[in-house]
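**Q** kindly return the folded structure for what I paste below:
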Amino acid sequence: MLDMLPLSIWIAASAPDCVSPVGIDIRDVQQQLSERAVDAVKRASQPEWEADATLARFVATDASFQYIIGDVGRPFPVGPKGAHAFANAIEPTRFRFGLWSGIPFAADLCAKHKIMVEFGTKQPGEAIQVTFEFEQGRIQRAEGWRRLYAAGMMAD
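**A** Now for the predicted structure:
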């Protein structure tokens, strides 16, 4: 029956008892997990994060979070509490993530996956690149690195 639901509804309803839908491919898996990571960070930064049942489903109770600036890492508590502290530390204002552009192949949504999401901050030229590790459709680990960027137009 879950096979007949749209993937976005299925993934929210499936965790933590993950069952990968039939016919899912890597493109869908990576997009859905990237969207889940963004949604988890957004939910974790809200004042009512402790009462958010969806956040509790998205983040494993023992999930670890770390934020690295230069060569100094800052660990946080585990689980949804760690997601909240992490989201408040990175203060994201926008996000972006890559989409699968290669040949699609069958994938198991419940398997271990790593995805990267970049969160922009209020500081010009600053972004936080976060690698999220998922298993059973839930965030198990997130590690963010502060990056500085410069951009401009190409000269003729």
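**Q** going by C-alpha atoms from here, please, whenever you check contacts or count neighbours.
**A** Will do.
**Q** which non-adjacent residue is nearest Ala89?
**A** Tyr67 (8.0 Å; Cα to Cα, 6 or more residues apart in numbering).
**Q** can you tell me the element that neighbour falls in?
**A** In the assignment (DSSP states H and E), Tyr67 maps to strand 59-69.
**Q** hmm, who's touching the helix or strand following that strand?
**A** Sequence order places strand 72-75 as the next helix or strand after strand 59-69, per DSSP H and E. With Cα atoms under 8 Å, 6 or more residues apart in numbering as the test, strand 72-75 has contacts from 64-68.
**Q** what pairs with strand 72-75, parallel or antiparallel?
**A** Strand 72-75 pairs in its sheet with strand 59-69 (antiparallel), by DSSP bridges.
**Q** returning to that earlier point: just the buried positions in the strand holding Tyr67, please.
**A** Using 16 or more other Cα atoms under 10 Å as the test for burial, strand 59-69 gives 59-61, 63-68.
**Q** please convert these to JSON lines, extending it with distance to Gly23.
**A** Converted to JSON lines, these look like this (distance: Cα to Cα, whole Å):
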{"residue": "Val59", "distance to Gly23": "25"}
{"residue": "Ala60", "distance to Gly23": "26"}
{"residue": "Thr61", "distance to Gly23": "29"}
{"residue": "Ala63", "distance to Gly23": "29"}
{"residue": "Ser64", "distance to Gly23": "31"}
{"residue": "Phe65", "distance to Gly23": "32"}
{"residue": "Gln66", "distance to Gly23": "34"}
{"residue": "Tyr67", "distance to Gly23": "36"}
{"residue": "Ile68", "distance to Gly23": "38"}
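**Q** any chance of the residues you listed in a markdown table, with pLDDT and distance to Ser101 too?
**A** A markdown table is the format used below for the buried residues of strand 59-69 (pLDDT from 0 to 100; distance: Cα to Cα, whole Å):
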| residue | pLDDT | distance to Ser101 |
| --- | --- | --- |
| Val59 | 97 | 27 |
| Ala60 | 97 | 29 |
| Thr61 | 96 | 33 |
| Ala63 | 97 | 29 |
| Ser64 | 97 | 29 |
| Phe65 | 97 | 29 |
| Gln66 | 96 | 29 |
| Tyr67 | 95 | 29 |
| Ile68 | 93 | 29 |
